[in-house]
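Chemist: just need the structure, nothing else, for what follows:
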Amino acid sequence: MPLTEELLAGFAALPSFGKRARDRARARFGRTVRIVHRGAAGRALPALGRGDATFAAPERADLQRGDTWIEPVEPTPTGRQAFVERLVALRTELADLDEVAFAPAPTSPAGPCALWAVAAARLALPESVRIAARFDVLGTHVAQIALSFGADTLEGPITAERSLPLAGVFRPTETSRPALEALVRSAGAEPMERTP
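Modeler: Residues are numbered from 1 along each chain as shown. Okay, here's the model as predicted:
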């Protein structure tokens, strides 16, 4: 079966399709998950994450080491077809790049489409490309589930911990580093150590 048909058929068999993608991610990256701070994705898609910022992407995926390409996916049959065609085109463009990431971004809330898009990206793109689950786009719970569908990176705006007034006790917000690390651990993975 050609790659395009295989990826599209994965939507109808999402659990087994996701398992194949998860197994491929674990074979390449093990059970470690990167947690990356980036600015909010916003509505201008496709977008490019570079450093702490996220901005509207140039016409071509001109990626540098550490960048993330954020690609929109419409949760419709036509949208999924266009997304797969884009993945097949990017497969060649990203073949020689190392330490770049790709993040599917559904244009409207649709959990199954988001998980399918993560799995499709993992299976279509070169092994060296990291697949990011943008928790600002998907929500933290769908992003956590995406770790079982081939994502190896959680990415988005990481917030500071809150402290209770007068007591000075820290309490993690849902998108603080400690909360995201707990999310990764509860998904059966280990957060990658922070680099200084």
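Chemist: please tell me how far Gly39 sits from Gly10.
Modeler: Counting by Cβ to Cβ, to the nearest Å, the separation of Gly39 from Gly10 is 31 Å. Placement of C-beta: from N, CA and C, glycine included.
Chemist: identify the residues contacting Ala21.
Modeler: The contact partners of Ala21, taken as Cβ atoms under 8 Å, 6 or more residues apart in numbering, are Val118, Ala119, Ala120, Arg122, Leu123, Phe149, Gly150.
Chemist: in helices, which of these appear?
Modeler: Of the contacts of Ala21, the ones assigned to helices by DSSP state H are Val118, Ala119, Ala120, Arg122, Leu123.
Chemist: ok, the fourth one touching Ala27?
Modeler: I take that to be Arg122. No - using Cβ atoms under 8 Å, Arg122 is not in contact with Ala27; the gap is 10.7 Å.
Chemist: low pLDDT regions in the protein?
Modeler: 1-2, 60-61, 161-172, 194-196 (pLDDT under 70).
Chemist: repeat that with 50
Modeler: Scanning the chain for pLDDT under 50 picks out 1, 196.
Chemist: show me the helices in it, by range?
Modeler: For the chain, the helices defined by DSSP H cover 3-9, 14-29, 77-93, 111-124, 135-138, 140-146, 177-186.
Chemist: which stretch among the ones you listed is buried most, on average?
Modeler: helix 111-124 (a mean of 25; mean count of other Cβ atoms under 10 Å).
Chemist: contacts for that helix?
Modeler: Applying Cβ under 8 Å, 6+ apart, the contact partners of helix 111-124 are 3, 6-7, 10-11, 14, 17-18, 20-22, 24-25, 73, 75, 79-80, 83-84, 87-88, 91, 102, 104, 106, 131, 133, 138, 142, 145-146, 149-151.
Chemist: quick revisit: got the helices of the chain as CSV, with distance to Met192 columns?
Modeler: As requested, the helices of the chain are exported to CSV (distance: least, Cβ to Cβ, whole Å):
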stretch, distance to Met192
helix 3-9, 28
helix 14-29, 9
helix 77-93, 24
helix 111-124, 17
helix 135-138, 16
helix 140-146, 16
helix 177-186, 9
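Chemist: of all those, which one is nearest Arg50?
Modeler: helix 135-138 (15.9 Å; Cβ to Cβ).
Chemist: what is the closest one packed up against?
Modeler: Under the contact criterion of 3 or more Cβ pairs under 8 Å, 6 or more residues apart in numbering; DSSP states H and E, helix 135-138 touches strand 101-106, strand 153-156.
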